[in-house]
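Q: Prediction below, plus the sequence it came from.
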Amino acid sequence: MGLLSGILGLPLLPVRGVIQLGELIRRRVDEELAAPVSIRRELEAAERRRAAGEISAEEEAAIQQQVLRRLDVTETDEER
């Protein structure tokens, strides 16, 4: 990078920093959502809510499908 392009690129440094921070946050959220502990916690919470009568068996099944679908999407993304 030449001196002139370095000087002209200075105003863009904050924007690049924000973009990199956003990418880091996105990766961390994806990792957290796909973590087995997180998935198990969500499935157990749905089971507890059904046992307590807060939700129906159909709603529990829908929650399970949503969590498993998210897991499937995350695994597909990792293969790319």
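A: Yep, it's here. No experiment lies behind these values; they were computed from the predicted model shown.

Q: so where's this protein shaky on pLDDT?
A: For the chain, the stretches with pLDDT under 70 are 1, 73-80.

Q: and with 80 instead?
A: Where the chain drops to pLDDT under 80, the residues are 1-2, 4, 6, 71-80.

Q: can you give me the helices for it?
A: Assigned by DSSP state H, the chain shows helices spanning 3-9, 13-34, 36-51, 57-79.

Q: Tell me who's in contact with the residue nearest to Leu71 when sequence neighbours are not counted.
A: Once flanking residues are discounted, Leu71 sits nearest to Ile39: 5.8 Å by CB to CB, 6 or more residues apart in numbering. C-betas here are computed from N, CA, C, even on glycine. Contacts for Ile39 (CB atoms under 8 Å, 6 or more residues apart in numbering) come out as Val67, Arg70, Leu71.

Q: how about those in a markdown table, adding distance to Ala35?
A: Formatted as a markdown table, the contacts of Ile39 follow (distance: CB to CB, whole Å):
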| residue | distance to Ala35 |
| --- | --- |
| Val67 | 12 |
| Arg70 | 11 |
| Leu71 | 10 |
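
Q: Nearest to Leu12 among those?
A: Of all the contacts of Ile39, Leu12 sits closest to Arg70, with 34.9 Å by CB to CB.

Q: and the gap between Leu33 and Leu68?
A: Distance of Leu33 to Leu68, given as CB to CB, to the nearest Å: 12 Å.

Q: and the two? which has more neighbours close in?
A: The neighbour comparison of Leu33 against Leu68 (other CB atoms under 10 Å) goes to Leu33, with 15 against 12.
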